[in-house]
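In: how would this look folded up:
(chains A and B)
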Amino acid sequence: MKEIFVRLDRCMGCRSCQVACAVEHSASKSLFAAIGETPLPRYRIYTERAGDQNIPLTCRHCDPSPCLDACIAGSIYRDDQGAVRRKKEQCVGCWTCIMVCPYGVVGREEERSIAYKCDRCHDRDLPACVEACPTRALVYAEAAEFGAEVRKFVAGVVVEAVSK
Amino acid sequence: MLTQKELQKRTMTEDGQLMLREAYRGQIETIWDRFETQAPHCGFGELGTCCRNCMQGPCRIDPFGEGATLGACGASADTIVARNLGRAIAAGTAAHSGHAKHLAHTLLKSAEGKAPDYPIRDEAKLKAVAQRLGISGDGKSTEELARDVAHAALADFSEKETPVAWAATNVTQGRIETFMKHGVVPTGIDSAISEIMHQTAYGVDADPVNLLLGGVKCALADFAGCHMGTDLADILFGTPKPTASTANLGVLKSDAVNIALHGHNPVLSDVIAQVANELDEEAKNAGAPAGINLVGICCTGNEVLMRHGIPSATHSVSQELAVLTGAVDVMVVDYQCIMPSLSTLAECNHTKLITTMPIAKIPGASHIEFSEEKARDTAKEIIRQGIEAFKSRDPKEVNIPPQQSTVLAGFSTEAIISALSLVDKDDPLKPLIDNIVNGNIQGVCLFAGCNNVRVTQDSNFVTMAKELAKENVLLLATGCGAGAMARHGLLTSEATDKYAGDGLKAVFTAVGEAAGLDGPLPLVLHMGSCVDNVRASDVAVAVADKLEVDLDKLPVVASAPEPTTEKAIAIGTWAVAAGLPTHVGVVPPVLGGAAVANVLTDEIKGIFGGYFIVETDPVSAAGKLLEAIKERRKGLGI
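Out: Now for the predicted structure:
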C-alpha cells in the first residue's frame, strides 16, 4: 500500500503541492478556472514551518484512524486501497474529526458545512501534490520502498565518512 | 519512442517532426523535453501573484483564499500582478529600444564617416523620417541630415520636456489627445523604462489601475523604440520591397557552407548578407560547390529576408532544430530570443556558435565582438569561420529535411502603398478603403509574436489565419508569426486562391495582377520583424487619418496566438493603447489579480478603445476577433 512520504530536508516551501491539491479537487481541474469557482476548491495539504524547516503536512491515513473512529455520522471510511476517505453527503458537520486529528489536516468547508481531507487522489496513479513537487520532497511509495531509499542514502553517507 | 501523436503535439511542421524524431534517437534534449521537466509549473507564477520585488519575500497570495491574502508589505494580489506586468513591459521596451539605440549609434557613425560600411541606402526614407520629425533638410547634405536624425533618435531616449518624438509623430491626433488625457505620454524612452521600474519598486505605487497606466506609458515608449528601429534600419539598409524566397529547414544545403543568422538586429546580419558573395570562391575551394548559403532564424532572419530575399530556416521555439540537421556550419547571433541551449547542441556536431554582442554571451560559444567600424571585416571573419567549420562537417551526420515552402515577403508600408498605387495612382489608399467599406474586406488582422512551447508550434497561427481569411479579413504578419505563416505556405498566391473568401480574393487578385505578380497577393502579407509591427500601425494610421476617424474605430485587430517574450507583452499593450482589440493565445500571468484581469479585458476599452482577448482555442479566438471587427464596422455604419 503506497503512502505519501515527505523527505524532510527537501521542502522549499513553494506551496506548489497546495495549489495542485486545490486544482485537483476543483470542478474544472484547471488552475485558471478553479480560482473562479464557487465554492473555491480547498487544498488538503499544508506547508508548515518549524524553526528553519518546512514541512508539508497531509493526512497520514492512520490505522487505526482517530477521525474514522470518531465519525458519528459514518461519513469517514477506509477504502479498499487503505485510504481514509469521506462521503460528503453523510457528513453532518460536527467537526469531531477535526478535534481528534493529531496532524490537524482535516478542514472545514463552511459553505456546505462539511469536513474535507486528503483522499490520496484515489482516481489518479500519482497524487497531485506528489506530481507537483518540484524538488521531489513528496514521495509516493510503499513504506518498505521509502525505508530502503533512506537506508541506501544513509549507507552512502556512512561509507563516505568511513573511507575518509 | 516518441509516438507520432506526441510529435504532432509538439509541432505541426513536418520538418520539425522529422528533426525531433532524430533528436529522440540521439537522446538529444530540446526545449520540448526541458519544458516537460519543468511541469507542473508554479501556480503562483502562472497567476502572477508571486512578488519578488523586495528581500522580505518572495510573497505569494493564496488564490484559494485560505492562506495569505496580502504580501508582507500589504500589497494585494492585484497590486502584485500589475507590478509584475509593468516590469515585463519595461523589459520588452528595453529590448526593442535597445535594438533601436544600436541602430541610432550606427546611423550617427555613418553620418560622421566613422562607419564606411554603413552608407545611407534609402535617402527618400531619411527625408521622410526627418520631415515627420520636423527636422528641416534645407541645404543639408545627406550625411548632415542623417546626423540630425541620429541625434534626434538618441535624444528620444533621455528625459525631455517634450513627448518622445517617435511616439508622438506616428499616431493619430486622436490618440495623442487620449494619451495626454490619461497621462501616458512618455517623455523619454529610457526614462519611461526607469519610471515604471521606480513605480513598481517596494513601497511605491499600490494602485493597480495607476500601475497599469504606468505600464501603458512604458509600452508607448516601446512603440517608439520599435518605430525608430524600423525607420533607421530602412534608412541604413533600404526599405523592403516584395521579394521571393523560401522557408523551412529544407533551405539548408548539403553542398554549401551554411551560415545561420540568428537574433534581431540587421546591423550585423545585413552586412553579412552584403559580403557573402565575395567569399563564394573560398567556400568552393573548401569543397562546397554551392558556395555560401545564408539562412535566417528569428527576426534578424526576417530583416534579411525582407531586404535580401534570404530564406528563413526556422524561428523561435524550433531554433535548436536547425543545429540538429548537422548542416549548419556557423550560427551567428546578436541578441534576443537566442536559447542558451544552442551551445550544448552545437557541441553535438561541428556547428560553431558565434556570439557577437558585448551584452549577449553564451557559455560554450565563441565570441567575436562586432563593431560598426570594422563591420565588413568582422562579417568576413565570421563567414570564414563557417568555411573552416565546413571542412570538419561529417556528411554522414547531415540530415536536412526536404520540406521547403515558397514565400513572398517584403511588404513594408511603402511597398503596400506602392502596390495599391498601381490600382489608383492618385489616391492609393482609396482601393483599400473602398473595399473595406463595400465589405470585400471585412477588416484587418495583424498577426505578431512568437511561438510558445506550450502550444503545438504554428497551430494557432495557421488555424486562425485560415478561419479569418475565409471571412475576408486581410491578414498581416510580422516576426516569428510571419515565420509560422511562411512555413505553411501561407505567404503565397496559391494560399489566397485556396483559403481567402471571395471578396478578399477578388481584391488581392486585382492588386496582384496590377503589380504584375501573375496571381493574387499572398494570403498573409509579411511586414517584417517584430519591431516592424509599426509598419502595420502606419497603414492603420494612414487609413484613420484619411477617414478622419481615430484608430479605435477601425475594423483592425491584432493577435499574438503563441506569445512568449516580454517584448510581446509590450507590443500587445501598445496595440491595446492604440485602440485595437488584441488577442493573446497563451494565458498571461495576470489572472491572479481579478480586478487587473478585468481592467485588461474589459474596462480598458472605455479608456483606450482597445482591450485584450485571452483565448487559447484558435477557432474561438478567430470568432471573437471577427465579432470585434463586426462591432467596429457597425460603429462606422458599414
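In: quick one, what contacts the residue nearest to B:Ala495 when sequence neighbours are not counted?
Out: Closest residue to B:Ala495 in three dimensions, ignoring its sequence neighbours and counting by CB to CB, 6 or more residues apart in numbering or on different chains: B:Leu523, at 3.8 Å. Any C-beta I mention is one placed from the backbone N, CA and C, and that applies to glycine too. Shown in contact with B:Leu523 (CB atoms under 8 Å, 6 or more residues apart in numbering or on different chains): B:465, B:469, B:475, B:485, B:490-492, B:495-496, B:498-500, B:508.
In: same question, B:Ala90
Out: Under the criterion of CB under 8 Å, 6+ apart, the neighbours of B:Ala90 are B:193, B:196-197, B:200, B:218.
In: Determine which two of these are furthest apart.
Out: Checked with CB to CB, the contacts of B:Ala90 reach their widest spread between B:Ile193 and B:Thr200, with 11.2 Å between them.
In: Just the element for whatever residue of chain A ends up closest to chain B, please.
Out: With CB to the nearest CB, the shortest gap between chain A and chain B falls at A:Val19, namely 3.5 Å. Using DSSP states H and E, A:Val19 sits within helix A:16-24.
In: packing partners for that helix?
Out: In terms of contacts (3 or more CB pairs under 8 Å, 6 or more residues apart in numbering or on different chains; DSSP states H and E), helix A:16-24 is packed against helix A:31-34, strand A:45-50, helix A:128-132, helix B:43-47.
In: can you list contacts of the third one?
Out: Contacting residues not belonging to helix A:128-132 are listed as A:4, A:16-21, A:23-24, A:45, A:56, A:58, A:121, A:138-140, B:40 [CB under 8 Å, 6+ apart].
In: Can you give me every residue that contacts B:Ile441?
Out: Contacts for B:Ile441 were tallied using CB under 8 Å, 6+ apart; they are B:432, B:435, B:472-474, B:503-504, B:507.
In: Show me the strands in chain A, by range?
Out: Under the criterion DSSP state E, chain A carries strands at the ranges A:2-6, A:45-50, A:53-58, A:76-78, A:84-86, A:107-109, A:114-116, A:138-142.
In: for the helix holding A:Val19, what is the average pLDDT?
Out: Here helix A:16-24 scores 96 as its mean pLDDT.
In: got the angle between it and strand A:138-142?
Out: For helix A:16-24 and strand A:138-142, the angle between their directions (axes from the mean of the first three to the mean of the last three CA atoms, to 10 degrees) works out to 70 degrees.
In: Centre-most residue in chain B?
Out: When CA atoms, centre = their mean is applied to chain B, the residue found nearest the centroid is B:Cys530 (1.7 Å).
In: Throw the helices and strands packed on helix A:16-24 into JSON lines and include mean pLDDT, thanks.
Out: JSON lines is the format used below for these (pLDDT from 0 to 100):
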{"stretch": "helix A:31-34", "mean pLDDT": "94"}
{"stretch": "strand A:45-50", "mean pLDDT": "91"}
{"stretch": "helix A:128-132", "mean pLDDT": "95"}
{"stretch": "helix B:43-47", "mean pLDDT": "92"}
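In: Let me have the ones you listed in CSV, adding distance to B:Lys567 as columns.
Out: Output for the helices and strands packed on helix A:16-24, formatted as CSV (distance: least, CB to CB, whole Å):
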stretch, distance to B:Lys567
helix A:31-34, 23
strand A:45-50, 35
helix A:128-132, 30
helix B:43-47, 19
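In: how about JSON lines for the strands of chain A, with distance to B:Asp424 added?
Out: Conversion of these to JSON lines gives the following (distance: least, CB to CB, whole Å):
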{"stretch": "strand A:2-6", "distance to B:Asp424": "72"}
{"stretch": "strand A:45-50", "distance to B:Asp424": "68"}
{"stretch": "strand A:53-58", "distance to B:Asp424": "70"}
{"stretch": "strand A:76-78", "distance to B:Asp424": "80"}
{"stretch": "strand A:84-86", "distance to B:Asp424": "75"}
{"stretch": "strand A:107-109", "distance to B:Asp424": "68"}
{"stretch": "strand A:114-116", "distance to B:Asp424": "70"}
{"stretch": "strand A:138-142", "distance to B:Asp424": "69"}
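In: which phi and psi does B:Ser312 have?
Out: Backbone torsions for B:Ser312, taken as degrees, to the nearest 10, come to phi -100, psi 120.
In: Hmm, B:Val295 and it touching each other?
Out: Yes - at 7.1 Å, B:Ser312 and B:Val295 qualify as touching, with contact defined as CB atoms under 8 Å.
In: Spell out which residues are contacts of both of these two.
Out: Contact criterion CB under 8 Å, 6+ apart; residues shared by B:Ser312 and B:Val295: B:251, B:301.
In: and the contacts of B:Leu523, which are buried?
Out: Neighbour counting by 16 or more other CB atoms under 10 Å in any protein chain shown classes B:465, B:469, B:475, B:485, B:490-492, B:495-496, B:499-500, B:508 among the contacts of B:Leu523 as buried.
In: From those residues, which land in strands?
Out: Counting by DSSP E, the part of the buried ones among the contacts of B:Leu523 found in strands is B:Leu475.
In: Farthest pair within the buried ones among the contacts of B:Leu523?
Out: Among these, B:Met485 and B:Phe508 lie farthest apart (CB to CB), at 14.8 Å.
In: Contacts only, for B:Glu414.
Out: Contacts of B:Glu414 by CB under 8 Å, 6+ apart are B:125, B:239.
In: I'd like to know how far it sits from B:Arg34.
Out: Counting by CB to CB, to the nearest Å, the separation of B:Glu414 from B:Arg34 is 42 Å.
In: before we move on, back to that, need the buried ones among the contacts of B:Leu523 in TSV with distance to B:Gly229 and pLDDT, can you?
Out: Converted to TSV, the buried ones among the contacts of B:Leu523 look like this (distance: CB to CB, whole Å; pLDDT from 0 to 100):
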residue	distance to B:Gly229	pLDDT
B:Ala465	25	98
B:Ala469	29	98
B:Leu475	23	98
B:Met485	21	98
B:Leu490	25	98
B:Leu491	22	98
B:Thr492	28	97
B:Ala495	29	98
B:Thr496	30	98
B:Tyr499	31	98
B:Ala500	31	98
B:Phe508	29	97
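In: could the buried ones among the contacts of B:Leu523 be laid out in a markdown table, adding distance to B:Thr172?
Out: Formatted as a markdown table, the entries for those read as follows, by distance: CB to CB, whole Å:
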| residue | distance to B:Thr172 |
| --- | --- |
| B:Ala465 | 27 |
| B:Ala469 | 28 |
| B:Leu475 | 23 |
| B:Met485 | 28 |
| B:Leu490 | 30 |
| B:Leu491 | 29 |
| B:Thr492 | 33 |
| B:Ala495 | 32 |
| B:Thr496 | 30 |
| B:Tyr499 | 32 |
| B:Ala500 | 29 |
| B:Phe508 | 27 |
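In: ok, the buried ones among the contacts of B:Leu523 vs chain A, which is closest?
Out: The nearest one, if we look at the buried ones among the contacts of B:Leu523 relative to chain A and count by CB to the nearest CB, is B:Ala465, at 25.6 Å.
In: how close does the closest one get to B:Thr187?
Out: With distances defined as CB to CB, the gap from B:Ala465 to B:Thr187 amounts to 39 Å.
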